Structure formats: C-alpha cells, structure tokens
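Student: Task: produce atomic coordinates for the following.
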Amino acid sequence: MVLVSHDPAEILSMADELIVLKEGEIVENGSPEELYNSPKLLYTAQILASSSQLNLEDAKKVGVKTTRGTVVIYAEHVKITKGFGAKWTVKQVLFKGFYEELIIERDKVYLRVTNHSKGKYPKSSKITVSIEHFYEFGRWQAPVRNLPKEMD
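Tutor: Sure, this is the predicted structure:
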C-alpha cells in the first residue's frame, strides 16, 4: 500500500519504508527510524521533526561547535535544566495536547523545546537549557582565523 501524506506523525507511525520526495524527485529513503534519527539531508530533517535551524554563527552563540554551514536541533533534544544564570526567555507557548512546545530566545537565536511540564514555564519565563544532540548539514566552513590588524 502506498500512503502519501504531509503529516510527519502519521508517516512515522504507519510506514514500513519512507520515501522522501522533493520537487517530484526521490531524495532519501529508508525506515522511519533511520530517516528520523540519521537524516542525510537538511530537507528530511526539517519535514520529519519540529526543529530549529541555525546558521554557523547562531550555532556558535548557543554553544554548538560545528564546522558545517547549517545545524538542525530537534525540539526534544533541547532539555530544560536547573541552574543559575537562566539566559533563555520563553517567547511563546504552543499547546500540543499532552505536552507543550516552547519557543525560546537568547541573543536573537530562537529554539523550539519540547516541554512535558505543562504550565510550568509561561511566556516571559527565564530558563536554562542544554542541547543534547544536533544534526549538521551543508558545506564545510573554513576555520575562522584571526588576521593581523593590518590585514583586517
């Protein structure tokens, strides 16, 4: 049976094999678990999960060390932690049924966070988070060098 859908939850739970199409072309295929946990393409990561996409500069602002052009962080890979110096601000709280998705901001960088403690972090709350996992995509970036003053 072939099922065509744009709903990631439906596809991930029902498919034995997943074929990702972009502009009518097959761009990636495999089991739902394989594509969700190890996407080879940025496009696949974006369509299968609630995620945040960061460029190299923004990734470094939040402590993600990468030498690739783009980083994708799934909402469930951002964990709210205890600690001092909460630097992230809850900008939006999205009701998702048995959980919430928080949109948080720090230094003009926005992340999505899965929150199972509904109501605990209202809009404008300050929180601390850790990023447990991320995916890297795009071209390798040359390391940044500090040039002598006369070459700036």
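Student: Ile73 should be in a strand, yeah?
Tutor: Yes: counting by DSSP: H, G, I helix; E, B strand; the rest coil, Ile73 is found in a strand.
Student: Spatially central residue in this protein, please.
Tutor: The centroid of the chain falls nearest to Ile73 when counting by Cα atoms, centre = their mean (2.2 Å).
Student: Quick check, Val72 in contact with Ala45.
Tutor: Yes: at 4.4 Å, Val72 counts as touching Ala45 under the criterion of Cβ atoms under 8 Å. Yep, even glycine has a C-beta here, placed from its N, CA and C like the rest.
Student: what sits in contact with each of those two?
Tutor: 39, 51, 135, 137 (Cβ atoms under 8 Å, 6 or more residues apart in numbering).
Student: Take those and keep only those in strands.
Tutor: Those of those mapping onto strands are 51, 135, 137, per DSSP state E.
Student: What residue spans form the domains of this structure?
Tutor: Residue ranges for the domains of the chain, per automatic domain parsing: 1-48, 50-138.
Student: would you turn these into a markdown table with mean pLDDT?
Tutor: Shown next, in a markdown table, are those (pLDDT from 0 to 100):
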| stretch | mean pLDDT |
| --- | --- |
| domain 1-48 | 92 |
| domain 50-138 | 95 |
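Student: residues contacting the residue nearest to the centre of the chain?
Tutor: Taking Cβ under 8 Å, 6+ apart, one finds 51-52, 54, 64, 111-112, 131, 133-135 in contact with Ile73.
Student: in stretch 99-115, what counts as buried?
Tutor: Buried residues in stretch 99-115, defined by neighbour count with 16 or more other Cβ atoms under 10 Å: 100-104, 106, 109, 111-115.
Student: Provide the contact partners of it at residue level.
Tutor: Stretch 99-115 is contacted from outside by 50-52, 54, 58, 61-62, 73, 75-76, 78, 80, 87-94, 116, 118-119, 121, 127, 129, 131, using Cβ under 8 Å, 6+ apart.
Student: Quick one: distance of that stretch to the chain centre.
Tutor: A distance of 10 Å separates the centroid of the chain from that of stretch 99-115, by Cα atoms, centre = their mean, to the nearest Å.
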